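>>> Quick one: sequence and predicted model below, then my questions.
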There are 2 protein chains.
Amino acid sequence: MTTPYEYAQTHKARFEDELAALVRIPSVSTDPDRVADVMAAAQWLADHMRHVGIENVEVMPTGGHPVVYGDWLHAGADAPTLLIYGHYDVQPAAMSDGWTSDPFIPVVRDGKMYARGSSDDKGQMFAHLKAFESVMQTEGKLPINIKYLIEGEEEIGSEHLYAFVAAHKEKFKADLCALSDGGFRTKDEPAITYSTRGMSYMQFDVQGPARDLHSGAYGGVVHNPALALAQIISKLHNADSSVAVPGFYDDVIQMTTEERADLAKLDMDEAGLRAEIGIPQSWGEEGYTLYERVGARPTLEVNGFVSGFYGEGSKTVLPAKAMAKISCRLVANQTPQRIYELVKAYVASITPPGVTCEVRLLNIGDPAYIDRSRDEVKAAERAYEKGWGKPPIFMRTGGTLPILATFRRELGIDSLMLDYGLITDGAHGPDEHYDLEMFHKGIATTIAYLHEFGK
Amino acid sequence: MTTPYEYAQTHKARFEDELAALVRIPSVSTDPDRVADVMAAAQWLADHMRHVGIENVEVMPTGGHPVVYGDWLHAGADAPTLLIYGHYDVQPAAMSDGWTSDPFIPVVRDGKMYARGSSDDKGQMFAHLKAFESVMQTEGKLPINIKYLIEGEEEIGSEHLYAFVAAHKEKFKADLCALSDGGFRTKDEPAITYSTRGMSYMQFDVQGPARDLHSGAYGGVVHNPALALAQIISKLHNADSSVAVPGFYDDVIQMTTEERADLAKLDMDEAGLRAEIGIPQSWGEEGYTLYERVGARPTLEVNGFVSGFYGEGSKTVLPAKAMAKISCRLVANQTPQRIYELVKAYVASITPPGVTCEVRLLNIGDPAYIDRSRDEVKAAERAYEKGWGKPPIFMRTGGTLPILATFRRELGIDSLMLDYGLITDGAHGPDEHYDLEMFHKGIATTIAYLHEFGK
């Protein structure tokens, strides 16, 4: 009897052709002229899901671009259910951005498929459908229940997805979400991302005098709001570059020695960082590696500020007000609302008496984190060993994926990022490409995960 | 024989009519459509100066609006020479700004002439010409030599005057400059302003990474330039609100006990300041009164700053750069260039190693100061006692008058501000007016000063 792995090997060329057909549809979600193309991609995907045996397939309206849903739920009530999340929409692309060949006519060069969306996320997402097909065509059934939620607005902020998930809690009910929408550092270093940072985005508004004043007439007797804001901001960090807000780190889950040892292997290179972004030297919280500072530690950033006169030349204004955008990146167990309240209370305590400072919360995002000791994570380790021939490394990313927090909040489930791409794939840039070896190893890894997930 | 004072009393109504004729000419120097009006005012003034007996009257081209010059130099080589500075141009004015009556049709209500320029500076300047006339018509000669330099670009920054004065050093040579272009606090409190502040206006440019970064990917390992700039600015003042730049106060002339006692009488009222400009409480250098902080002490102000994102909503940028406009107001004996060098050196010493900070000098203005013990100042005190019936108080102003520094540098002379206006005259605002009692007392004071100046 043929194994699913053998089936996938046998049908490699067809799988690649099918992926090429999908990436050929220019489903650019941000482009109003591409609405029909986005819908065409959703329809293509729904048809293909039905074709490989996925059931209850629907193109579901969301208020924006649709979600494509499908499931296979015949493993029995005792078997666990896995939710696969992905997206079929893509970033804009044009030859004038520097593409070597047409971004919507896939071309394979050196084993890599060049096309917009080939990696992000059509290719990585499609590996999951090909794994499903390989198992069904050889074993006739899956050992677990599975649901697919493939959205069409990821590249424009998943605007309608949050309410959509909340409105369909029962439909998307599962034990875990898995997604493949990111990248390893190198081909031979498969990785599981188990942590994303959250966000608490605030605005500080400092008000001094009721109107702008002449600095000659009042300079020296009024606490200048720009000065006061600079003084407030300067007190947000300690001398060791840790955040000075009392209680800021209280809820942070401390890393274990094992975890830190693993993360140490991923540490950024100081010289490389300097060269990459052009800085004299790195900065950050003492006692932590560069990698930990970005991935495993919460931070506080000034995203911008403005006050008074900032044009060409000189104007001797004493400004009435000053404003700053301040955001905290949060890690597991921190809550954006609580961090906002801590920052607000601290700012109130350090605001000079000659001005007022209002702190408003503009935007939040929960951090996401899955415990590495969980069975589903161990299962993923075994799947990578089977599919890739190597155990995965464990990564934490500094960015925020609000959809993971939505799954946590609305469905009560954690998410596991089984990346099947490379950080060098050029997602969002010109000449995006997908190494087809990654595609096929991704299919094999998912085949393995479908078998390991319930164990 | 009629005294000059009696002459001036007799001709009060005509003097007012003449002033009304001058303010009726809308000599708005900033308005390109008013170039002919500005020239008409200059011509009117030149004609009037000739009419009252001033000699060598010229409307002198400057590259912009002309200077009106005239002199009377028959007091003899041993007699001192006084240079009178004033301006015949005015600020813009329109009914839509909130004027009660047409700004260029003077109307007298309650003894006050309402019109643009009635106080600033046509009225105050014209008092000097009427004093000249009163002395010449009664005594036939002046006890001192006198020169008049009446410019047409004061309201637009005296752009061409600096080079003009430098090009005509011999013509404007004098022993002292007197000007009347400011205001007392109340009608019964005549004042001599003996000090203006200078200026050293700088720009700080902080550069971090070579480009804007994503705060999720790099937040925590890069010294954020906005944060670094806030930290630099926060170190520019000490805890007692004095300026922290080493050497900043080194060249400041210390106030005498007598001077401080006089200034104490002028101190601002804390409650009044709070109400006037709408602040919770005042601020400033410990150990000095509010009045001293503005008038007698150098300061450092943030005139504005900008970095990263400052629009509506949230954007998680880690900005590549941050910029601030920083100006120091200086007092007598401080030099703008030296202050710039001190600030630059200090900023270099406090700039965090992860960023660079360039400090550039954008604009300078020397402080001006005249020693109160000088004979010409004592003469002015006696003149006010005669003309106003009260001895003047001595004021220091927080603003900068670069033209006074120009007279000091190019002509080697100090300037004395014999204000004949009130701070409540509404200069630059709607319903500017000039209390005609101030006008006539100003004439009498100048008559007295022409006699006292050489003593």
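Looks like it came in fine. Quick caveat: nothing in here was measured; it's all calculated off a predicted structure. Numbers count the residues shown, from 1 in each chain, chains lettered A, B, ... in the order given.

>>> Tell me who's in contact with the residue of the stretch 351-455 of chain A found nearest chain B.
Residue of the stretch 351-455 of chain A nearest chain B, by CB to the nearest CB: residue A:399 (3.4 Å). No exception for glycine: its C-beta is placed from N, CA and C like everyone else's. Counting by CB atoms under 8 Å, 6 or more residues apart in numbering or on different chains, residue A:399 touches A:196, A:197, B:214, B:216, B:217.

>>> How about residue A:407?
A:83, A:85, A:165, A:172, A:177, A:413, A:414, A:415.

>>> make it 10 Å
Counting by CB atoms under 10 Å, 6 or more residues apart in numbering or on different chains, residue A:407 touches A:83, A:85, A:149, A:165, A:172, A:174, A:176-177, A:179, A:368, A:401, A:413-415.

>>> And for it, nearest residue in space, chain neighbours not counted?
In space, and not counting its chain neighbours, residue A:407 is closest to residue A:177: 5.0 Å by CB to CB, 6 or more residues apart in numbering or on different chains.

>>> Before we move on, what's the pLDDT of the residue positioned nearest the centre of chain A?
Computing the C-alpha centroid of chain A and ranking residues by CA atoms, centre = their mean puts residue A:401 first, at 3.8 Å. Note on residue A:401: pLDDT of 88.

>>> One more: residue A:156?
88.

>>> I'd say it and residue A:89 touch.
Yes - using CB atoms under 10 Å, residue A:156 is in contact with residue A:89, at 7.5 Å.

>>> between those two, who's got more neighbours?
Here residue A:156 and residue A:89 are set side by side on neighbour count (other CB atoms under 10 Å in any protein chain shown), and the busier one is residue A:89, at 27 against 16.

>>> residue contacts, that one?
By CB under 10 Å, 6+ apart, the contact list for residue A:89 reads A:27-30, A:34, A:37-38, A:41-42, A:64-65, A:117, A:120-122, A:150-156, A:158.

>>> what does residue A:384 give?
So residue A:384 contacts A:190-192, A:390-393, A:418, A:441, A:444-445, A:448-449, A:452 (CB under 10 Å, 6+ apart).

>>> at 7 Å instead, please
Contacts for residue A:384 (CB atoms under 7 Å, 6 or more residues apart in numbering or on different chains) come out as A:190, A:390, A:391, A:392, A:445.

>>> and what of residue A:41?
Neighbouring residues of residue A:41 by CB under 7 Å, 6+ apart: A:22, A:25, A:27, A:88.

>>> Spatially nearest residue to it (excluding sequence neighbours)?
Closest residue in space to residue A:41, ignoring its immediate chain neighbours: residue A:27 at 3.7 Å, by CB to CB, 6+ apart.

>>> ok, how many other residues are close to that neighbour?
Using other CB under 10 Å: residue A:27 sits among 29 other residues.

>>> Same check on residue A:286?
Residue A:286 is flanked by 10 other residues according to other CB under 10 Å.

>>> Residue A:260 now?
There are 15 residues near residue A:260, going by other CB under 10 Å.

>>> Is it located within a strand, as I assumed?
No - going by DSSP: H, G, I helix; E, B strand; the rest coil, the assignment for residue A:260 is helix, not a strand.

>>> Which residue, other than its chain neighbours, is closest to it?
Nearest to residue A:260 is residue A:292, by CB to CB, 6+ apart, at 7.3 Å.

>>> and what of residue A:136?
Once flanking residues are discounted, residue A:136 sits nearest to residue A:53: 4.7 Å by CB to CB, 6+ apart.

>>> That neighbour and residue A:134 touch, don't they?
No - here residue A:53 does not reach residue A:134: they are 11.0 Å apart, not a contact under CB atoms under 7 Å.

>>> So if I had to pick from the two, which one is more boxed in?
Remark: of residue A:53 and residue A:134, residue A:134 carries more neighbours, 27 against 16, as counted by other CB under 10 Å.

>>> sorry, back to before: around the residue lying closest to the residue nearest to the centre of chain A once chain neighbours are set aside, how many other residues sit close by?
Leaving aside its chain neighbours, residue A:401 sits nearest to residue A:196 (4.8 Å; criterion: CB to CB, 6+ apart). Per other CB under 10 Å, the neighbour tally for residue A:196 reads 30.

>>> And residue A:262, by the same measure?
16.

>>> Can you tell me the SS state at the nearest residue to it once chain neighbours are set aside?
Excluding its sequence neighbours, the residue lying closest to residue A:262 (CB to CB, 6+ apart) is residue A:394, at 5.5 Å. Three-state call for residue A:394 (three-state DSSP): strand.
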